[in-house]
Each structure stands twice: as C-alpha cells, then as structure tokens.
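Q: Got a sequence here, can you build the structure:
(chains A, B, C and D)
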Number of protein chains: 2
Amino acid sequence: MSDVNGAMADDASGLTSTVVFRLGTLGTVVTDRFTREIEGLGLKPKHVGLMAALSLAAVASQQELAARMGVAPSLMVSLADYLEGLGAVQRVRDPRDRRRQVLTLTEEGQGLLDRCTSIARTLDEEVVAGLTEEQRTALDEALRVMANRTGLP
Amino acid sequence: MSDVNGAMADDASGLTSTVVFRLGTLGTVVTDRFTREIEGLGLKPKHVGLMAALSLAAVASQQELAARMGVAPSLMVSLADYLEGLGAVQRVRDPRDRRRQVLTLTEEGQGLLDRCTSIARTLDEEVVAGLTEEQRTALDEALRVMANRTGLP
DNA sequence: AAGAAATCATTCACAATCAGAATGATTCAC
DNA sequence: GTGAATCATTCTGATTGTGAATGATTTCTT
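A: Predicted coordinates:
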C-alpha cells in the first residue's frame, strides 16, 4: 500500500519515485495502447500528430511542421506522402515561395482525426478512472503547465 | 491565454485536449531529454529500466523481467548482455532450475543507477518548475493512481 | 543585375531498435 | 522414462528514424 506522505515503502528515494521516470513510463504505456487502437485506421502516432498539428495550424510548410514535431524533414516527407495517399492531407506549392510545400488537412483527414479523438477520449476514461474530479482538474492544469514548460532549453 | 474552465481557445474539443495525447507527448519529450542525459553513461532508457526493476526485485529471471518490462525475451538477453559487459549486472544460473538465468544488480550497477536517479531528479526540478506545491502533490497522487490503473487490459 | 549563399523538399543509404522463429538445454507431468 | 513445456540464446527480418547528397528556388551581397 502506498503512503499518504508520498513516500513508497520499497523505494523511498529511488529512480522510480521521480516524476520523469513515472511520466515517461506512463506515457509509453498509454501511447502503446493508443497505437494499437489506431492501427485499424491505418495510422501511426506520428500521422495522428501531424494531422493534429495541421488542425491547429490550418496551413504550414513541411519544414515548419517537422520542426514543430521534432522530426527530421525527410521523415516529414514520408508522413506527408502517406497521408496524402490516404487523401487525408493536401500538398500544394506555395505560390509566394515555390520551394515550400504547404500542407492542409482535407475533409477526409478531419474525419480521420475525429475518429482518433474519439478513440483517445474513450481511452481517457479508462486512464483517468479512479481519479476524483478535483484530481482530474489538477492533472489537467499540471499537464498544461508542464507542456508549456517543455520545449525545455 | 487559457480559460479557467478548462477549454482551450483553438481546440475546445480536439485530440490535443485529451489526457492520452498530452500525457503521451509530454512523456516522449521528457524521455527524450532523459535519454540525452544518460548518453554519457553509455546507457539507453531500457537499460535504466532494467536496472530499476532489478533494484526493486533484488533477483529475477530474464523471462520474468522481460514480462515485467513488456519486451520480448530476446531483447532482454541483449539488454542483460550489455549491462553484464559494463559490470552493472551479474548473470547466474539458478541452481534450483538450471534453465533460468538469474540477474542481480552489482555494486557498480547500483552506482550507475544512482547517477541516473540524480539526473532524473535534476530534470524533475525543471519539469515541475511552475507548479505549486499542491499541484505537485496532486500530480504525484494522480501519477500513482494512473500507474496502478495501467497494465490496462 | 549577377553570382554566391541559403533554404526547402526530396531521395537514398544506413543505423538503431525490436519482435518472432528456430535451436538447444533443462525441467515437469504422467 | 518419455513427451510436453519452459528458459535462454541466436539469427533473421520488419520498422522507424536520421543524415548526407541533389535539385529547384529564393535571398543576400555587391
């Protein structure tokens, strides 16, 4: 059983008590679960990440998107290729700067993204079950703060 | 600026507002950061995960450890090989059952793990900066509950 | 206005990371 | 005691991602 003071019996000061370790572990577990769920849609997490980025940014060059997602430009090309093949994304040369390839989310892409969102919401219920309402809002707020804080120098 | 009611301006009900997505994203960012930090020790996250498991379990067979970490037995062999090469881990045939290879953390391994713990603590300070004391304990509690809850069926 | 340097997308080759099948040793069930 | 099961190991292969080389276009410098 866990101690209310925040110390674990076994490992009072070990690695497994750090936020970094626990956040990392939980993140991978949850992501793996999500990965399995979206498999049926023919999507991988990075595809979904790209669509999510597009749904926020409306339009953006591949370079910008690569930087935002923290991946190499060459990978962005593959991701865009694949999503374009699905009809989820549209690639258009920017007339202002014809080097740039501008991506936009299509209707179909938005539909796919919506289904991913729905899957994520269902998973949310599982993950967050066992948390009180206050804990949920606290978690929500904490995630927001930490997300802003990361892009860590 | 973010709304106190918990709704974001852009993406009131989108994927990026789900716990799953944000937890996954934050987890990978933090893990990537940690990965870079332990590079100097010649370690990868899975090596650290294995050592952490050993420090909790004292002794365990490779099969058990593989199951606990959610990796294939063949990968466990590689990880153990590597850590044994560093002198961080000791491999001993279980005399009770000579099929089993029992792993234990050496003094040297404990030393390495301690350095990883110290690195994680330093990162913790960065990650958690900007959270109030109440938010930190709330996060701590939420992570504990969710971690118990995961191993999700 | 011309040439040099930078930027973007793309392709290709390659490294890293895992999982899965095949193999051999040992133990367990009956 | 024999056959099935379990464990560790090796090897092959799929997947995922980076980085270097290339070509097209733009921007900077003079």
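
Q: Next up, identify which helix or strand the spatially most central residue of chain A is on.
A: Closest residue to the average C-alpha location of chain A: residue A:49 at 5.1 Å, with CA atoms, centre = their mean. Per DSSP states H and E: residue A:49 is located in helix A:45-57.

Q: in chain A, which ranges drop under the pLDDT threshold?
A: The model of chain A has pLDDT under 70 over residues A:1-13, A:151-153.

Q: And the helices in it?
A: A:19-38, A:45-57, A:62-69, A:73-86, A:107-128, A:133-149 (DSSP state H).

Q: packing partners for the first one?
A: Meaning helix A:19-38. Judged by 3 or more CB pairs under 8 Å, 6 or more residues apart in numbering or on different chains; DSSP states H and E, helix A:19-38 is in contact with helix A:45-57, helix A:107-128, helix B:19-38, helix B:45-57, helix B:107-128, helix B:133-149. For glycine as for every other residue, the C-beta is placed from the backbone atoms N, C-alpha and C.

Q: That one vs DNA strand D: in contact?
A: No. Helix A:19-38 stays clear of DNA strand D (CB under 7 Å from any atom of the strand), getting no nearer than 8.2 Å.

Q: anything in that helix near DNA strand C?
A: No. With CB under 7 Å from any atom of the strand as the criterion, DNA strand C is not reached by helix A:19-38; the gap is at least 9.0 Å.

Q: Mind listing what's buried along that helix?
A: A:19-31, A:33-34, A:37-38 (16 or more other CB atoms under 10 Å in any protein chain shown).

Q: What's the local residue count around the closest residue to residue A:22 other than its chain neighbours?
A: Leaving aside its sequence neighbours, residue A:22 sits nearest to residue B:143 (CB to CB, 6 or more residues apart in numbering or on different chains; 4.9 Å). Neighbourhood size, residue B:143 [other CB atoms under 10 Å in any protein chain shown]: 19.

Q: near DNA strand D, which residues of chain A show up?
A: Counting by CB under 7 Å from any atom of the strand, chain A sits next to DNA strand D at A:44, A:46, A:70, A:71, A:72, A:74, A:75, A:78, A:97, A:98, A:99.
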